[in-house]
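Chemist: this is the structure alone, sequence omitted:
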């Protein structure tokens with residue numbers, strides 16, 4: 001992927017948005033900093049979304065967006081902080 005296809009330096013907009021939210025909320029930031037793998041971060045976010053989005057169109061759209069997130073990139077970013 002070329003830099004011109006990236007979004008604010010991230011793989012894509014979905015990855016950028018998830019990182020933005022996780023890093024701008026103190027409780028979430030602290031929780032993610034303790035996670036030991038990208039999969040733990042993905043599970044954490046999916047659980048948050050399960051509690052937020054009702055079943056139907058909105059939850060399907062969230063699932064599609066989350067499928068495009070580069071979880072390793074987010075994990076690596078939190079390890080660098």
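Modeler: Right, received. Where do you want to start? This structure is a prediction, so every number in the text was calculated from the model and none was measured.

Chemist: contacts only, for residue 79.
Modeler: Neighbour list for residue 79: empty [criterion: CB atoms under 8 Å, 6 or more residues apart in numbering]. Using the backbone N, CA and C atoms, a C-beta is placed for each residue, glycine as well.

Chemist: let me fix that, I meant to ask about residue 52.
Modeler: Residue 52 touches nothing, counting by CB under 8 Å, 6+ apart.

Chemist: in the chain, which helix or strand is least confident?
Modeler: helix 57-67 (a mean of 88; mean pLDDT, DSSP states H and E).

Chemist: which strands or helices does it pack on?
Modeler: Applying 3 or more CB pairs under 8 Å, 6 or more residues apart in numbering; DSSP states H and E, one finds that helix 57-67 contacts helix 13-24, helix 38-52.

Chemist: between that helix and helix 13-24, how many degrees?
Modeler: 90 degrees (axes from the mean of the first three to the mean of the last three CA atoms, to 10 degrees).

Chemist: now find how far off-centre helix 57-67 is within its chain.
Modeler: 13 Å (CA atoms, centre = their mean, to the nearest Å).

Chemist: for the next helix or strand after that helix, buried residues please.
Modeler: Next along the chain after helix 57-67, taking DSSP states H and E as the criterion, comes helix 71-80. In terms of neighbour count (16 or more other CB atoms under 10 Å), helix 71-80 has its buried residues at 71, 73-75, 77-78.

Chemist: for the chain, which residues score under the pLDDT cut-off?
Modeler: The model of the chain has pLDDT under 70 over residues 1-4, 53.

Chemist: thanks a lot, see you next time.
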